[in-house]
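Participant: need a structure here:
(2 chains)
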There are 2 protein chains.
Amino acid sequence: MALPTAVRLFEMGARDGLQNESGPVIDTAIKVELINRLSETGLKHIEAASFVSPKWVPQMGDASEVMSGIDRKPGVIYSALTPNLKGLEAAIAAGVDEVAVFGAASEAFTQKNINCSIKESLERFAPVIELAKANHIRVRGYVSTVMGCPYEGEIAPAQVAAVSRELLDMGCYEISLGDTIGVGTPLKAKRMLEAVSQQVPIDKLAAHFHDTYGQALANLYAVIEEGIAVIDASVAGLGGCPYAKGASGNVATEDVLYMLNGLSIETGVDLHKLALTGHWISAQLGRSSGSKVALAMGCQGS
Amino acid sequence: MALPTAVRLFEMGARDGLQNESGPVIDTAIKVELINRLSETGLKHIEAASFVSPKWVPQMGDASEVMSGIDRKPGVIYSALTPNLKGLEAAIAAGVDEVAVFGAASEAFTQKNINCSIKESLERFAPVIELAKANHIRVRGYVSTVMGCPYEGEIAPAQVAAVSRELLDMGCYEISLGDTIGVGTPLKAKRMLEAVSQQVPIDKLAAHFHDTYGQALANLYAVIEEGIAVIDASVAGLGGCPYAKGASGNVATEDVLYMLNGLSIETGVDLHKLALTGHWISAQLGRSSGSKVALAMGCQGS
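Facilitator: Below you'll find the model as predicted:
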């Protein structure tokens, strides 16, 4: 089939990225500036915060302050992760445009992370999704471990499809398929997508692939060939991999964008501005950019 | 079309890799040990040396010593770069199994590098190829800058096809298509290959893609879809990019192999042994492995 003519990039750096960076808690002012810079690159969808207990995720303890600190650029959707009603209420109070809930395709992963079954985890989301919808706030559903689990190993595509369908039926407008540990390869990605797209229309699916094994772009190209047109990525590849020290996590938005530009797929995002933003935040974190494109372009500074 | 059932990996680390590493000249003993370790991984094709003037490439000044120092494993082909008759004679004396000549698809690149036209550069190879064939030594032809040139920018696929055809007609058994600066993207790779494969049968073509912009695996997957079944890669991603400081060059063999394993494509190479070899040589060079797979596997030391 023909490749999509446009892809929507969903920027993960300020939340999924910073949340998984090792090191001290990052200043609210830096998060605010990162989001403001990102919103000037042409990105229309920015995950800005996570309304979780600071006891569990200290890195995201300032979600309300971040939301009130940023300049809200018209046309940009600022979203936040809201795992429970308390988080959702705070997110609504902070004026987020959109929220997200986070499921997994692996029973072992779900048990290990939130100490319940997949079924129970989805039941907990039901009131969150209901309240969000009552407030006219769209809910995105994440499904993690779609191509492999650090505890369970292989994950059946049918299992990914079932969880995705359930989240759709519960009211999520889009399901983001996460290769949480980056173990997928192109045909595996295609087969997983094939199973899921029998349960969820492909235009309601997004690819959230990590680059831990360097496979993310190959996998993204493979699913773009199948019609995927929403891609999650993180500027400068922010966010390590909690399951492999020193390994990378999120695929760098710059590298995805370079590929999409080469494929003549429209995104509306300025690569040069994005790479500068990636260099800037990397410098704040005292590391070099995790984007090969940014390193090759050599546009240091800000 | 169906993906190939097997791919031949052509290991570049000991030559193309080490030649482009910055830093002091590497000890002959380290090169010898690297090649010996590589030959124990299941790799059947190893570029071991370059018989060029040490005045131009000091890193490769010990080519004869390297060839005489290694353990020649039966079944493994040890090849060397031989840009001229003098180099070829030394390579024959050193007992290489196979040699290679190095052309480019860009006039500007050829002028800048060897101060002559593409046509003149190919004429210089004619006696090299003749003498090699008279000695029953196969000659591989490299074509660089197949998806872009640091001086000329875009390169017409027809130009790549013409140079490839010329090298084939001169007697090269295989043409390796080099994305020297790593600027290609998947459709560009497909289109280039489409043009070349009209002049050279696809089973006489190899992909030599650099990862400077992080695109190598996506591009490799795209050309595997078209039937490419020989891939050049460099253990640990050895070899930087001379055109962008701090950027990467060769794609890491481990990362290519991980993808091929995931695609159920046979190579005969042991990923674990290869990653250990990559960690070993990286430690010798005082850097960390450029392979994301090796970092994720975390198998340090040897």
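Participant: any idea how far the residue of the stretch 101-250 of chain A found nearest chain B lies from B:Asp179?
Facilitator: Of all residues in the stretch 101-250 of chain A, A:Thr185 sits closest to chain B, with a separation of 2.6 Å (CB to the nearest CB). C-betas here are computed from N, CA, C, even on glycine. According to CB to CB, to the nearest Å, A:Thr185 stands 21 Å off from B:Asp179.
Participant: ok, now A:Met297?
Facilitator: Separation of A:Met297 from B:Asp179 (CB to CB): 17 Å.
Participant: ok, the two, which is more surrounded?
Facilitator: B:Asp179 (28 against 21; other CB atoms under 10 Å in any protein chain shown).
Participant: the residue of the stretch 1-150 of chain A found nearest chain B: neighbour count?
Facilitator: Proximity of the stretch 1-150 of chain A to chain B (CB to the nearest CB) peaks at A:Leu3, 7.7 Å away. When neighbours are counted by other CB under 10 Å, A:Leu3 registers 18.
Participant: isn't it up against A:Ala222?
Facilitator: No. Between A:Leu3 and A:Ala222 there is no contact, the gap being 11.4 Å when judged by CB atoms under 8 Å.
Participant: so who does A:Glu98 touch?
Facilitator: For A:Glu98, the contact set (CB atoms under 8 Å, 6 or more residues apart in numbering or on different chains) comprises A:77-80, A:137-140.
Participant: sorry, back to before: report the secondary structure element holding the residue of the stretch 1-150 of chain A closest to chain B.
Facilitator: For A:Leu3, there is no enclosing helix or strand under DSSP states H and E.
Participant: now the phi/psi pair for it, please.
Facilitator: With angles defined as degrees, to the nearest 10, A:Leu3 sits at phi -70, psi 150.
Participant: next one: the one 3 residues further on
Facilitator: When read as degrees, to the nearest 10, the backbone of A:Ala6 gives phi -140, psi 150.
Participant: spatially nearest residue to it, not counting backbone neighbours?
Facilitator: Of all residues beyond its chain neighbours, the one nearest A:Ala6 is A:Glu266 (4.2 Å), with distances taken as CB to CB, 6 or more residues apart in numbering or on different chains.
Participant: the one you found: what's it in contact with?
Facilitator: Taking CB under 8 Å, 6+ apart, one finds A:5-7 in contact with A:Glu266.
Participant: most neighbours of all the residues you listed, which one?
Facilitator: Among these, A:Val7 has the most neighbours (other CB under 10 Å), with 25 neighbours.
Participant: that one reaches A:Leu260, doesn't it?
Facilitator: Yes. With contacts counted by CB under 8 Å, A:Val7 reaches A:Leu260, the gap being 5.6 Å.
Participant: what's the overlap in contacts for those two?
Facilitator: With CB under 8 Å, 6+ apart, A:Val7 and A:Leu260 have common neighbours A:231, A:267.
Participant: from the chain's centroid, how far away is stretch A:16-26?
Facilitator: Remark: stretch A:16-26 is offset 15 Å from the chain centroid, using CA atoms, centre = their mean, to the nearest Å.
Participant: how about stretch A:70-81?
Facilitator: Its chain's C-alpha centre lies 15 Å from the corresponding centre of stretch A:70-81 when counted by CA atoms, centre = their mean.
Participant: now do it: everything it contacts.
Facilitator: Applying CB under 8 Å, 6+ apart, the contact partners of stretch A:70-81 are A:15, A:32, A:35-36, A:39-40, A:43-52, A:63, A:67, A:87, A:91, A:94-102, A:140.
Participant: let's see it at 7 Å
Facilitator: Stretch A:70-81 is touched from outside by A:15, A:32, A:35-36, A:39, A:44-52, A:63, A:91, A:96-100, A:102, A:140, with contacts defined as CB atoms under 7 Å, 6 or more residues apart in numbering or on different chains.
Participant: residues from chain A in reach of chain B?
Facilitator: Counting by CB under 7 Å from any CB of the partner chain, chain A comes close to chain B at A:185-188, A:211-215, A:217-218, A:221-222, A:244, A:246-248, A:255, A:258-259, A:262-263, A:292-293, A:295-296, A:298.
Participant: give the buried subset of those residues as a ChimeraX selection command.
Facilitator: Burial among these is assessed by 16 or more other CB atoms under 10 Å in any protein chain shown; the matching ChimeraX selection reads:
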select /A:185,186,187,188,211,212,213,214,215,217,218,221,222,244,247,248,255,258,259,262,263,292,293,295,296
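Participant: tell me which entries of the residues of chain A next to chain B lie within helices.
Facilitator: Counting by DSSP state H, the residues of chain A next to chain B place A:186-188, A:217-218, A:221-222, A:255, A:258-259, A:262, A:292-293, A:295-296 in helices.
Participant: ranges for the helices of chain A?
Facilitator: A:18-19, A:28-39, A:63-69, A:85-93, A:107-114, A:118-134, A:157-170, A:186-197, A:216-225, A:253-262, A:271-284, A:292-297.
Participant: and the gap between the residue nearest to A:Ala6 and A:Glu98?
Facilitator: Counting by CB to CB, the gap from A:Glu266 to A:Glu98 is 22 Å.
Participant: swap in A:Tyr173?
Facilitator: From A:Tyr173 over to A:Glu98 the distance is 9 Å, taken as CB to CB.
Participant: what is in contact with those two at once?
Facilitator: Joint contacts of A:Tyr173 and A:Glu98 (CB under 7 Å, 6+ apart) are A:138, A:140.
Participant: quick one: contacts for the nearest residue to A:Ser288 once chain neighbours are set aside?
Facilitator: Computed as CB to CB, 6+ apart, the closest residue to A:Ser288 that is not its neighbour in sequence is A:Ser282, at 5.8 Å. For A:Ser282, the contact set (CB under 7 Å, 6+ apart) comprises A:236, A:288-289.
Participant: on the pLDDT front, check A:Ser282 for me.
Facilitator: Looking at A:Ser282, its pLDDT is 95.
Participant: next: A:Cys241.
Facilitator: Looking at A:Cys241, its pLDDT stands at 76.
Participant: number of residues surrounding it?
Facilitator: A:Cys241: 23 surrounding residues under other CB under 10 Å.
Participant: try A:Ala2
Facilitator: For A:Ala2, the tally of surrounding residues (other CB under 10 Å) stands at 6.
Participant: would JSON lines of the contacts of A:Glu266 with distance to B:Thr145 be doable?
Facilitator: Compiled in JSON lines, the contacts of A:Glu266 are given as follows (distance: CB to CB, whole Å):
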{"residue": "A:Thr5", "distance to B:Thr145": "30"}
{"residue": "A:Ala6", "distance to B:Thr145": "31"}
{"residue": "A:Val7", "distance to B:Thr145": "29"}
